[in-house]
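Peer 1: here's a sequence, model it:
(2 chains)
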Amino acid sequence: MEKVDLIRARAVPLRADNVDTDQIIPARYLTAITTDGMGDGLFASWRYLDTGEPNPEFVLNNPEYKGAEILVAGANFGSGSSREHAVWALSQYGFKCVLAPSFGDIFYNNSLKNGFLPVVLPKEAIDALWDVLEGDPETQLWVDLRTQNVRMPDQQSLHFEIDPFRRDCLLQGLDDLGFLLAKEDQIAAFEAGRDQPAAA
Amino acid sequence: MGKTLFEKVWDRHVVSSEAGEPTVIYVDAHLIHEVTSPQAFAELRSRGLGVRRPEQTFATMDHAIPTREIPLWPDDAQAQVGALRDNCDQFGITLWDIKGDVQGIVHVVAPEMGVTQPGMTIVCGDSHTSTHGAFGALAFGIGTSEVAHVLAAQCLMQEKPKTFAINVEGRLAPGVTAKDIILAIIAKNGASGGVGHVFEYRGSTIRSLGMANRMTICNMSIEGGARAGMIAPDITTYEYMYGRPHAPTGKAWNDAVVEWSALATDDDAVFDRSLDIDAGALEPMVTYGTNPGMGVPVTGAVPQGADLEDDQQRRDLEAALDYMGLVQGQPMQGQHVDIVFIGSCTNSRIEDLREAAAIVEGRRVADHVEALVVPGSKAVKAAAEEEGLDRVFAEAGFQWRGAGCSMCLAMNDDKAGAGKYVASTSNRNFRGRQGPGSRSLLMSPIMAAAAAVEGQVVDVRGMLR
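Peer 2: Numbering: from 1, shown residues only, chains lettered A, B, ... in the order given. Below you'll find the model as predicted:
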């Protein structure tokens, strides 16, 4: 897993609450048996017209935001389906981080497992960011995982919370499977200490 | 202080809980399907890992498969199903294959097979895994990375969620169903109201419901923002489970029932949050918007933006109505319907089909409506055919399909066209969920049956017999 520490990049304002994983990547893009090629499906229903041409109205197609690596979204981002394809799609498209007032639980977990940083900021901060980013798409944001701060355009710093263990994993690029496999003795002891589940 | 049902199940599965680390919990039963598992097996292979407990993983095919006879499957569905067969074969995992007698939507089949049991931890790479909480299991959806974790280690790293009691008291009026209870809960508490919590559905109304109805309610916990929803096991649970293939037998059964009966929340346990629902005041519900919290009683109307407090909510309402082609203040009754879908892990069990068939019997699907019934499993399909429900539906003009997820998520060829209104018994009314540009109106099976007959949203209470 790629390390995450400081993300210094331009950002896209996605002014909507409850952006569900069906919007992030529709089910018709889930037909692969690998993780490749998901970036094309990102926000497909919003990004493309029925003709397959880019929808000029959608913010990601606005050339002023080209190259942005941070997405600024509304509350309950990534709600709905458990599809990890949503994180793969965001990441393969070029995003490294999403700022939002809250996240769907499964999406949040999936993000952390892919070196993709979900940051919870107060709703007022998100509202303010939307205004600034819409006014000046050149605006650079700093999202610093080391200090757990987002530097806002007005130079103010906003602290964000993240589980310390998760933070360390992201900073070091460690994935969870290694951690779990290192628990082998405890897992074996747990299994030995109880009857086998009746379903087995 | 006593413990809640959730806390009892959680505590029994803690493998490791050390300061500065997430809790590691053990997984009793792992369910997999063709769409979210291939990349997990690829991960195992790339690391040279095996499946730790293949006998605790069960697979079926449901998401991408066609539900009608078609001469040639699409290449991608074939590839996913083929990969699942190969993976199950290589790692020794039980597969409920579409070629066999047991197959269907994973959240319908696992309970039918007795794999789902009280007190268990159950996970699946599918958010509607919350369904299994109806048995008093702690069951939740996971991503594909976590599917690999469970395959390799039979464990997951988890933050302990908070507890949320949903107390439902009173007697449901005729025509008001479990689906209406959960849609009303989500309308009241919001689509993100349960984030970070596990719901426990409690109270006399819940106790009076059968297992299919309890599964309907727990199924949509995720639509309320919670990852899991639970109901304490009781005699209704045990009656459903007794004699199922993976259920314990003999003395083990008796011991299990004693153990399961101790799982219920203690009288002096405290929940982090709670919500009270008066079941007697509920009406049939229908959604008007693009998230499941956007629901109203069928006698109601689309809300007015002016009544909302928050600018963002107003913008979201306007955007949702723009997509849905509905207007503020419009009555829900009389809303045009093009397609009726009765199916999904929410509402495709035999009880759902019986209730819908009772509305449909002797009536005709409106001329302009395409209507389909997709049973949740081969067992449901067989039981329905045994009872003659297939004929009732077919004579009324419904298509009678094979088991699968079908138009709930439109991964297979069952897609609603752009702009079409779908009266659907499924769980999500997200934009384009049932096909690009489709517009979903979520409701109960009997409401959907009524909508099929009338070709519009109607109050099913006027059509009960």
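
Peer 1: in three-state terms, label B:D276 for me.
Peer 2: For B:D276, the assignment made with DSSP: H, G, I helix; E, B strand; the rest coil gives strand.

Peer 1: report pLDDT for it.
Peer 2: With respect to pLDDT, B:D276 scores 98.

Peer 1: could you pick out the longest helix of chain A?
Peer 2: In chain A, assigned by DSSP state H, the helix with the most residues is helix A:123-135.

Peer 1: which residues sit against the helix or strand immediately after that one in the chain?
Peer 2: Following helix A:123-135 in sequence order, the next helix or strand is strand A:140-144 (DSSP states H and E). Strand A:140-144 has contacts (Cβ atoms under 8 Å, 6 or more residues apart in numbering or on different chains) with A:5-11, A:70, A:97, A:99, A:117, A:119, A:129, A:149-153. The way it works is simple: take the backbone N, C-alpha and C, and place the C-beta from them, glycine included.

Peer 1: if you set the cut-off to 6 Å instead, what comes out?
Peer 2: A:6-8, A:10-11, A:70, A:97, A:150-151 (Cβ atoms under 6 Å, 6 or more residues apart in numbering or on different chains).

Peer 1: now it and helix A:123-135, what's the angle there?
Peer 2: Interaxial angle of strand A:140-144 relative to helix A:123-135 (axes from the mean of the first three to the mean of the last three Cα atoms, to 10 degrees): 140 degrees.

Peer 1: may I see the buried residues of strand A:140-144?
Peer 2: Judged by neighbour count (16 or more other Cβ atoms under 10 Å in any protein chain shown), strand A:140-144 contains these buried residues: A:141-143.

Peer 1: do stretch B:440-448 as well
Peer 2: Quick answer for stretch B:440-448 (16+ other Cβ under 10 Å): B:440-448.

Peer 1: please, where are all the helices along the stretch 351-465 of chain B?
Peer 2: B:378-387, B:389-396, B:445-454 (DSSP state H, counting those that start in this stretch).

Peer 1: which of the ones you listed sits most buried?
Peer 2: Most buried of the helices of the stretch 351-465 of chain B by mean neighbour count (mean count of other Cβ atoms under 10 Å in any protein chain shown) is helix B:445-454; its value is a mean of 29.

Peer 1: circling back to that earlier point, packing partners of the longest helix of chain A?
Peer 2: Other elements packing on helix A:123-135 under the criterion 3 or more Cβ pairs under 6 Å, 6 or more residues apart in numbering or on different chains; DSSP states H and E are strand A:6-14.

Peer 1: sheet-wise, list the partners of the strand it packs on with their directions.
Peer 2: Strand pairing for strand A:6-14, determined by DSSP bridges: strand A:70-73 (parallel), strand A:140-144 (antiparallel).

Peer 1: so after the first one, what's the next helix or strand?
Peer 2: What that stands for is strand A:70-73. Assigned by DSSP H and E, the successor of strand A:70-73 is helix A:85-93.

Peer 1: just the CA atoms of the helix or strand that comes right after that following helix, as CSV, please.
Peer 2: The helix or strand immediately downstream of helix A:85-93 is strand A:97-100, counting by DSSP H and E. Below are the C-alpha coordinates for strand A:97-100, written out as CSV (Å, rounded to 0.1, in the frame of the first residue of the first chain):
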residue,chain,number,x,y,z
CYS,A,97,-8.3,12.2,-0.4
VAL,A,98,-11.9,13.1,0.3
LEU,A,99,-13.0,15.7,2.7
ALA,A,100,-16.7,15.4,4.0
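
Peer 1: so which residues make contact with the helix or strand following strand A:97-100?
Peer 2: Next helix or strand after strand A:97-100 toward the C-terminus (DSSP H and E): helix A:105-112. With contact meaning Cβ under 6 Å, 6+ apart, helix A:105-112 is reached by A:78, A:82, A:84, A:87, A:118, A:166, B:141, B:143, B:227.

Peer 1: export those residues to TSV and append columns for distance to B:A187.
Peer 2: As requested, the contacts of helix A:105-112 are arranged in TSV below (distance: Cβ to Cβ, whole Å):
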residue	distance to B:A187
A:G78	21
A:S82	23
A:E84	29
A:V87	29
A:P118	27
A:R166	33
B:G141	22
B:G143	28
B:R227	20
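
Peer 1: hmm, stretch B:115-128 in reach of chain A?
Peer 2: Yes: Stretch B:115-128 reaches chain A (Cβ under 6 Å from any Cβ of the partner chain) through B:115, B:125-127.

Peer 1: A:G104 is nearest to which of the helices of the stretch 351-465 of chain B?
Peer 2: Nearest to A:G104 among those is helix B:445-454 (26.6 Å), distances taken as Cβ to Cβ.

Peer 1: got the angle for that closest one vs helix B:389-396?
Peer 2: 30 degrees.

Peer 1: now helix B:445-454: how far from the chain's centre is it?
Peer 2: 20 Å (Cα atoms, centre = their mean, to the nearest Å).

Peer 1: packing partners of it?
Peer 2: Looks like helix B:445-454 contacts strand B:339-342, helix B:350-360 (3+ Cβ pairs under 6 Å, 6+ apart).

Peer 1: what's the most buried one of those?
Peer 2: strand B:339-342 (a mean of 29).

Peer 1: where does the chain dip in pLDDT?
Peer 2: Reading this off chain A. Counting by pLDDT under 70, chain A contains low-confidence residues at A:195-200.

Peer 1: what does it put close to chain B?
Peer 2: Checking chain A against chain B by Cβ under 6 Å from any Cβ, the hits are A:17-18, A:20, A:22, A:26-27, A:30-31, A:33, A:35, A:45, A:76, A:81-82, A:84, A:102, A:105-106, A:110, A:113, A:165, A:176-177, A:180-181, A:183, A:186-187, A:190, A:197-200.

Peer 1: quick one, longest strand in chain B?
Peer 2: As assigned by DSSP state E, the longest strand anywhere in chain B is strand B:162-169.

Peer 1: and the residues of stretch B:115-128 next to chain A, which is closest to B:V24?
Peer 2: B:G125 (19.0 Å).

Peer 1: so B:A59: helix, strand or coil?
Peer 2: strand.

Peer 1: isn't it right up against B:I93?
Peer 2: Yes: in terms of Cβ atoms under 6 Å, B:A59 counts as a neighbour of B:I93; the distance is 5.5 Å.

Peer 1: make CSV out of the strands paired with strand A:6-14 and add distance to B:K179.
Peer 2: Formatted as CSV, the strands paired with strand A:6-14 follow (distance: least, Cβ to Cβ, whole Å):
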stretch, distance to B:K179
strand A:70-73, 30
strand A:140-144, 42
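
Peer 1: out of these, nearest to B:R428?
Peer 2: Comparing the strands paired with strand A:6-14 by Cβ to Cβ, strand A:70-73 comes nearest, at 18.8 Å.

Peer 1: what comes up buried for the closest one?
Peer 2: Going by 16+ other Cβ under 10 Å, strand A:70-73 has these buried residues: A:70-73.
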